[in-house]
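**Student:** no sequence for this one, just the structure:
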């Protein structure tokens, strides 16, 4: 905001963080509901929980990698 302009990098980061947030919200809600009733799960529901956990962990790794990339870009670029 201090420069009064938008760069391509800022737009990419903004879109990336928005996408990560959207994925996290869409996946975490059904994941939490399945986890609450975890004592009554069928085999399919247990597989769904595992799939949701993988997706949520991937989002966490993606956010970390985005942060590392931004630091690298800022220091090197």
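**Tutor:** In hand now; what should we look at? Because the structure is a prediction, the values reported are computed rather than measured.
**Student:** Tell me where the protein has strands.
**Tutor:** Taking DSSP state E as the criterion, the chain carries no strands.
**Student:** Which parts of it are helices?
**Tutor:** Taking DSSP state H as the criterion, the chain contains helices spanning 8-36, 43-76.
**Student:** Same list, those helices, but as a markdown table with mean neighbour count and mean pLDDT please.
**Tutor:** In this view, the C-beta of every residue, glycine as well, is placed from N, C-alpha and C. Formatted as a markdown table, these follow (neighbours: other Cβ atoms under 10 Å; pLDDT from 0 to 100):
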| stretch | mean neighbour count | mean pLDDT |
| --- | --- | --- |
| helix 8-36 | 12 | 90 |
| helix 43-76 | 12 | 91 |
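**Student:** list the contacts for residue 62?
**Tutor:** The neighbourhood of residue 62, defined by Cβ atoms under 8 Å, 6 or more residues apart in numbering, consists of residue 20.
**Student:** And it, how far from residue 30?
**Tutor:** Computed with Cβ to Cβ, to the nearest Å, the distance linking residue 62 and residue 30 is 20 Å.
**Student:** Over to residue 36?
**Tutor:** With the distance defined as Cβ to Cβ, residue 36 ends up 11 Å from residue 30.
**Student:** okay, and the common contacts of those two?
**Tutor:** Contacts common to residue 36 and residue 30, judged by Cβ under 8 Å, 6+ apart, are absent.
**Student:** Find the nearest non-adjacent residue to residue 63, please.
**Tutor:** For residue 63, ignoring the flanking residues on the chain, the nearest one in space by Cβ to Cβ, 6 or more residues apart in numbering is residue 20 at 5.5 Å.
**Student:** show me what contacts the one you found?
**Tutor:** Residue 20 makes contacts with 59, 62-63, 66, as judged by Cβ under 8 Å, 6+ apart.
**Student:** would you list the residues you listed in a markdown table and tack on distance to residue 49?
**Tutor:** Below are the contacts of residue 20 laid out as a markdown table (distance: Cβ to Cβ, whole Å):
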| residue | distance to residue 49 |
| --- | --- |
| 59 | 16 |
| 62 | 20 |
| 63 | 21 |
| 66 | 26 |
